[in-house]
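K.L.:
build the 3D model from these lines:
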Amino acid sequence: MSATKLQLRTALGFVYRDVLPNPPRDCTPDEIPVIDLSPLFSEELSERQDVAAQIRKASVNTGFFYVRNHGIPAETIAKCKEQGLRFMRQPAEQKDLISSRNCSKHFNGYTGSAKTNISPTESIDIRESFSFRYSPELDPDHPMDVSELPEEVSQGIQGEDFVWEGTAHLPNFKEDCVAYWASCLRLARKLVRSFALSLDLEEHYWDDKVTHPGADSVFNYYRPRTEQETKDNSVGLGSHTDLQMFTLLWQDNIGGLQILSKEGQWIKVMLLENRTNIQPRQSKEPLVVNIGDYMMRLCNDIYISTVHRVTNESLLERVSMPFFFGLNFNCVEGVVPSCITDSNPAKYEPISAGEWVQKRFKQERKAFDEKAASSIAPSAVVVQT
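P.N.:
Model (predicted):
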């Protein structure tokens with residue numbers, strides 16, 4: 001049996017990958033390593049540089065790694081998960097009051113199951129999602145009203161209040177969801193410094209470019225596949241790459257995330273508790289981190305934005321909570337100086353983070369318009385692991 005062609009949507013149009021006919025296999029510890037982030041909070045630069053070296057090794061390999069001791073309290077994660085489940089277990093008509101398709105300019109809100117088709121060569125997506133984006137008044141480090149921002153910054157803000165107005169009947173829903181989002185934002189601002197060190201840049205290279213960043217929070221809900229969906233090999237979320245710099249992902253212990261290797265082999269992102277090289281205490285609420293397309297562009301393709309997908313093959317519901325992090329939308333960035341040499345000149349022209357995002361959205365909008373008459377309308381957001 002020969003390899004099949006996988007069609008992927010990107011900001012620059014369709015690209016194709018060969019996929020081997022072999023069934024998905026478990027990952028090895030080297031393919032998706034575990035990195036202890038405790039040294040991020042150390043005052044010793046050498047300890048922070050050690051974390052950066054581990055990040056670099058993982059980023060040039062598969063572009064995926066686990067992190068532990070990341071500083072996000074287990075209680076914060078648990079409360080957000082519970083709120084997401086409460087929302088998803090509501091009647092459909094209640095969830096549709098904050099429909100992303102009907103209510104949002106920036107794809108905030110609720111998207112129902114079988115309403116997206118992220119990967120054109122795979123099935124529709126058997127997934128529901130709730131999402132919200134950066135709003136400056138919610139920023140844990142420097143909260144302010146959007147009116148206080150310069151126009152070139154405020155025009156890139158994509159948070160929308162309707163998501164909270166339509167969930168006000170759920171006690172503490174906004175507070176608990178924002179608490180998890182804010183914790184991820186704080187961690188991402190620390191982690192972006194490690195990425196800078198990993199690329200031989202000054203540690204604070206991106207600090208002034210992540211003051212009002214792309215920072216999207218998503219709650220994904222995957223019900224178990226039906227018998228027919230299993231026969232049809234339906235996916236929970238089709239093959240894609242993430243869009244911005246990097247993603248922080250909390251997922252439950254059901255499993256289902258798979259990444260595509262350079263050779264075209266699907267690899268299962270094993271749960272830490274199922275890996276023999278991990279002690280039980282080390283797997284307490286770990287996060288998965290993966291490289292996004294914009295980071296790959298900034299580092300001249302040294303780091304890998306890896307294709308991945310999700311499928312829930314269990315008889316239980318599956319939950320994940322990704323957080324997508326990028327630069328301020330008005331920041332214009334090209335390939336960073338440390339990634340340019342005589343033998344490896346810059347492959348990409350400078351582009352603003354906002355324009356980069358819009359390029360991807362335009363690709364999705366085109367697909368949306370082409371299928372507008374269909375009962376399955378693809379979402380404009382393709383970065384929801």
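K.L.:
first-to-last residue distance for stretch 83-98?
P.N.:
Stretch 83-98 has an end-to-end distance of 16 Å (criterion: CA to CA, to the nearest Å).
K.L.:
buried ones in it, by neighbour count?
P.N.:
Buried residues in stretch 83-98, counted by 16 or more other CB atoms under 10 Å: 83-84, 87-88, 95-98. Glycine gets a C-beta too; all of them are placed from N, C-alpha and C.
K.L.:
next one: stretch 148-163
P.N.:
The neighbour-count check on stretch 148-163 (16+ other CB under 10 Å) flags 149, 153, 156-160, 163 as buried.
K.L.:
could you dump the buried residues of stretch 83-98 to JSON lines with secondary structure and pLDDT?
P.N.:
Formatted as JSON lines, these follow (DSSP: H, G, I helix; E, B strand; the rest coil; pLDDT from 0 to 100):
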{"residue": "Gln83", "secondary structure": "helix", "pLDDT": "98"}
{"residue": "Gly84", "secondary structure": "helix", "pLDDT": "98"}
{"residue": "Phe87", "secondary structure": "helix", "pLDDT": "98"}
{"residue": "Met88", "secondary structure": "helix", "pLDDT": "98"}
{"residue": "Lys95", "secondary structure": "helix", "pLDDT": "98"}
{"residue": "Asp96", "secondary structure": "helix", "pLDDT": "96"}
{"residue": "Leu97", "secondary structure": "helix", "pLDDT": "96"}
{"residue": "Ile98", "secondary structure": "helix", "pLDDT": "97"}
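K.L.:
max pairwise distance over the buried residues of stretch 148-163: which two?
P.N.:
Greatest spatial distance in those: Val153 and Val163, 21.2 Å, computed using CB to CB.
K.L.:
contacting residues for Val210?
P.N.:
188-189, 192, 325, 327-328 (CB atoms under 8 Å, 6 or more residues apart in numbering).
K.L.:
what about those, which are in strands?
P.N.:
Residues of the contacts of Val210 located in strands (DSSP state E): 325, 327-328.
K.L.:
for the record, mean pLDDT for stretch 179-193?
P.N.:
Regarding stretch 179-193, the rounded mean pLDDT is 98.
K.L.:
who's in contact with it?
P.N.:
Around stretch 179-193, the neighbours that count as contacts under CB under 8 Å, 6+ apart are 37, 40-41, 48, 70-73, 76-77, 79-80, 132, 138-141, 203-204, 206-207, 210, 213, 215, 217, 245-246, 248, 289, 321, 323, 325.
K.L.:
OK, contacts around the closest residue to Ala74 other than its chain neighbours?
P.N.:
Excluding its sequence neighbours, the residue lying closest to Ala74 (CB to CB, 6 or more residues apart in numbering) is Glu285, at 4.8 Å. Contacts for Glu285 (CB under 8 Å, 6+ apart) come out as 72, 74, 77, 250.
K.L.:
now Glu285: how far from Thr226?
P.N.:
Counting by CB to CB, to the nearest Å, the gap from Glu285 to Thr226 is 31 Å.
K.L.:
okay, buried residues for the helix or strand that contains Gln49 please.
P.N.:
Element membership for Gln49 (DSSP states H and E) is helix 45-61. Buried residues in helix 45-61, counting neighbours by 16+ other CB under 10 Å, are found at 48, 50-52, 54-56, 58-59, 61.
K.L.:
now, the most widely separated pair of those?
P.N.:
Pairwise distances across the buried residues of helix 45-61 peak at 20.8 Å for Arg48 and Asn61 (criterion: CB to CB).
K.L.:
mind checking the longest helix of this structure?
P.N.:
helix 173-198 (DSSP state H).
K.L.:
next, the angle from it to helix 45-61.
P.N.:
For helix 173-198 against helix 45-61, the angle by axes from the mean of the first three to the mean of the last three CA atoms, to 10 degrees is 90 degrees.
K.L.:
which positions within helix 173-198 qualify as buried?
P.N.:
Applying 16+ other CB under 10 Å to helix 173-198 flags 173-174, 176-185, 187-189, 191-198 as buried.
K.L.:
so, low pLDDT: which residues of this structure?
P.N.:
Scanning the chain with the threshold set as pLDDT under 70 gives 1, 273-284, 364-385.
K.L.:
rerun that using 90 as the cut-off
P.N.:
The model of the chain has pLDDT under 90 over residues 1-3, 9-14, 101, 105-107, 114-121, 224-233, 270-285, 313-315, 357-385.
K.L.:
can you map out the helices along it?
P.N.:
Counting by DSSP H, the chain has helices at residues 45-61, 74-88, 92-95, 100-103, 151-154, 162-165, 173-198, 227-231, 293-298, 353-370.
K.L.:
which among those is found nearest to Thr241?
P.N.:
Thr241 lies closest, by CB to CB, to one member of those: helix 293-298, at 5.5 Å.
K.L.:
which other helices and strands contact the closest one?
P.N.:
Applying 3 or more CB pairs under 8 Å, 6 or more residues apart in numbering; DSSP states H and E, one finds that helix 293-298 makes contact with helix 353-370.
K.L.:
buried set for stretch 12-27?
P.N.:
Quick answer for stretch 12-27 (16+ other CB under 10 Å): 17, 19, 27.
K.L.:
ok, those residues vs Asp293, which is closest?
P.N.:
Lowest distance from Asp293 to these (CB to CB) belongs to Arg17, with 14.1 Å.
K.L.:
and for the nearest residue to the closest one once chain neighbours are set aside, the neighbour number?
P.N.:
The shortest distance from Arg17 to any non-neighbouring residue, by CB to CB, 6+ apart, is to Leu6 (4.6 Å). Leu6 has 20 neighbours, counted by other CB atoms under 10 Å.
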